[in-house]
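Undergrad: got a sequence here, can you model it:
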Amino acid sequence: MRDLVLGIEAVLPDGNVWHGLRALRKDNTGYDLKQLFIGAEGTLGIVTAAVLKLMPQPRSVCTAFLAFDTTEIALGFFMELRKCIGQDVTAYELISQPALDLVLNHLPDSRAPLSVSAEWYVLVEMASGRSQEELESDFYGAVQVGLENGSVRDAAVAATQAHAADFWRIREEISDAQTRAGGSVRCDISVPLSKMPEFIAQASAGVLALEPHTRMVVYGHVGDGNVHFNPLRPACETAARYLARASRPITHIVDEIAMAMNGSISAEHGVGAAKRDELLSVKSRVELEMAWRIKRAFDPGNLFNPGKFLPRLDAMKEAAP
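TA: This next block holds a predicted model:
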């Protein structure tokens with residue numbers, strides 16, 4: 001979103017309206033004020049309009065489901081695909097086997113997208129201004145190499161739009177399936193792309209050492225370095241009991257590993273109240289104090305969304321520098 005927003009209009013706490021609806025790709029005349037409002041969760045103003053960057057409608061789209069043995073191999077194939085197809089790779093969604101199982105168990109009339117069972121799957125989509133034949137030829141070539149050298153366990157390419165929609169339905173239903181199952185510890189992590197396999201391995205090992213029967217529901221936007229790392233209660237345990245015991249320790253383990261890799265504890269879902277106080281342990285006092293100075297400059301009366309996003313000032317004083 002930060003990349004797609006070109007300008008915004010916002011109502012400020014003092015009643016003034018900032019008219020910043022510029023459609024410029026480049027503007028080096030001072031602070032990039034719109035970026036202050038993006039991700040501020042309504043604490044600085046109310047966005048009432050926005051100018052967004054649009055992309056041309058692609059001439060061709062190719063969607064496929066792939067199986068891999070490890071996240072390292074899945075990431076390696078992504079790199080190879082980018083070499084062959086470049087920026088036309090528009091989605092590369094990693095899915096763990098427990099995440100796929102969860103959807104298949106909770107989604108009526110669903111079926112496994114591949115005939116083989118693997119530790120990891122990827123939903124990949126490519127969109128291009130080239131012809132369908134050219135795009136598919138490049139993709140089939142990359143997949144064929146992967147199948148021959150054993151890096152790709154299995155692959156299925158959507159033959160129709162309905163087939164592609166079925167693939168996407170599996171990916172999009174993971175979050176709802178977790179909600180219906182109950183007892184999921186949701187962590188929205190980003191790390192440098194090269195660190196993604198290491199993060200998943202270390203975080204998984206840490207969680208399973210603490211809770212050996214946890215189902216490792218892991219999925220996300222690998223191309224962006226963003227993973228939804230959401231350990232799920234054992235099937236034999238109630239959600240309430242599991243979350244009461246394991247939620248805080250698991251979150252601490254996962255966040256600590258992410259931060260050690262120069263990552264973030266909130267890649268896209270925001271901070272709100274749930275993760276507000278976690279910022280005390282992952283951001284420096286200088287960074288938090290700068291954020292509060294911005295908040296006070298825009299909203300000295302703390303009128304807009306109080307108690308959200310920023311830790312309390314007295315808690316900041318108690319935190320380590």
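Undergrad: residue boundaries of the strands in the stretch 101-250 of the chain?
TA: Counting by DSSP state E, counting those that start in this stretch, residue ranges of the strands within the stretch 101-250 of the chain are 120-128, 154-157, 187-190, 215-221, 226-232.
Undergrad: buried residues in the first one?
TA: Right, strand 120-128. 120, 121, 122, 123, 124, 125, 126, 127, 128 (16 or more other CB atoms under 10 Å). C-beta coordinates here come from the backbone N, C-alpha and C atoms, glycine included.
Undergrad: sheet partners, orientation included, of it?
TA: strand 60-68 (antiparallel), strand 89-96 (antiparallel) (DSSP bridges).
Undergrad: reformat those as a markdown table; add mean pLDDT.
TA: Output for the strands paired with strand 120-128, formatted as a markdown table (pLDDT from 0 to 100):
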| stretch | mean pLDDT |
| --- | --- |
| strand 60-68 | 97 |
| strand 89-96 | 97 |
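Undergrad: residue 114: which of the strands of the stretch 101-250 of the chain is closest?
TA: strand 154-157 (4.8 Å; CB to CB).
Undergrad: about what we covered before: may I see the strands paired with strand 120-128 organised as a markdown table, with mean neighbour count added?
TA: Shown next, in a markdown table, are the strands paired with strand 120-128 (neighbours: other CB atoms under 10 Å):
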| stretch | mean neighbour count |
| --- | --- |
| strand 60-68 | 22 |
| strand 89-96 | 22 |
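Undergrad: secondary structure class of residue 13, three-state.
TA: Three-state call for residue 13 (DSSP: H, G, I helix; E, B strand; the rest coil): coil.
Undergrad: er, residue 278 actually
TA: With three-state DSSP as the basis, the three-state label of residue 278 is helix.
Undergrad: show me what contacts it?
TA: Each residue near residue 278 by CB atoms under 8 Å, 6 or more residues apart in numbering is listed here: 251, 255, 265.
Undergrad: next, count neighbours for the closest residue to residue 275 other than its chain neighbours.
TA: Nearest residue to residue 275, sequence neighbours excluded (CB to CB, 6 or more residues apart in numbering): residue 266, at 5.9 Å. Residue 266: 20 surrounding residues under other CB atoms under 10 Å.
Undergrad: partners of residue 266 in the sheet?
TA: In beta-bridge terms (that is, DSSP bridges), residue 266 pairs with residue 188.
Undergrad: quickly list the domain ranges of this structure.
TA: For the chain, automatic domain parsing gives the domain ranges 1-54+285-321, 60-174, 183-260.
Undergrad: could you point out which of the ones you listed sits nearest residue 271?
TA: Short answer: domain 1-54+285-321, nearest of the domains of the chain by CB to CB, at 5.0 Å.
Undergrad: on that earlier part again, just put the strands of the stretch 101-250 of the chain in a markdown table and tack on distance to residue 287 and mean pLDDT.
TA: Converted to a markdown table, the strands of the stretch 101-250 of the chain look like this (distance: least, CB to CB, whole Å; pLDDT from 0 to 100):
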| stretch | distance to residue 287 | mean pLDDT |
| --- | --- | --- |
| strand 120-128 | 35 | 97 |
| strand 154-157 | 44 | 96 |
| strand 187-190 | 17 | 96 |
| strand 215-221 | 25 | 96 |
| strand 226-232 | 21 | 96 |
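Undergrad: done for today, thanks.
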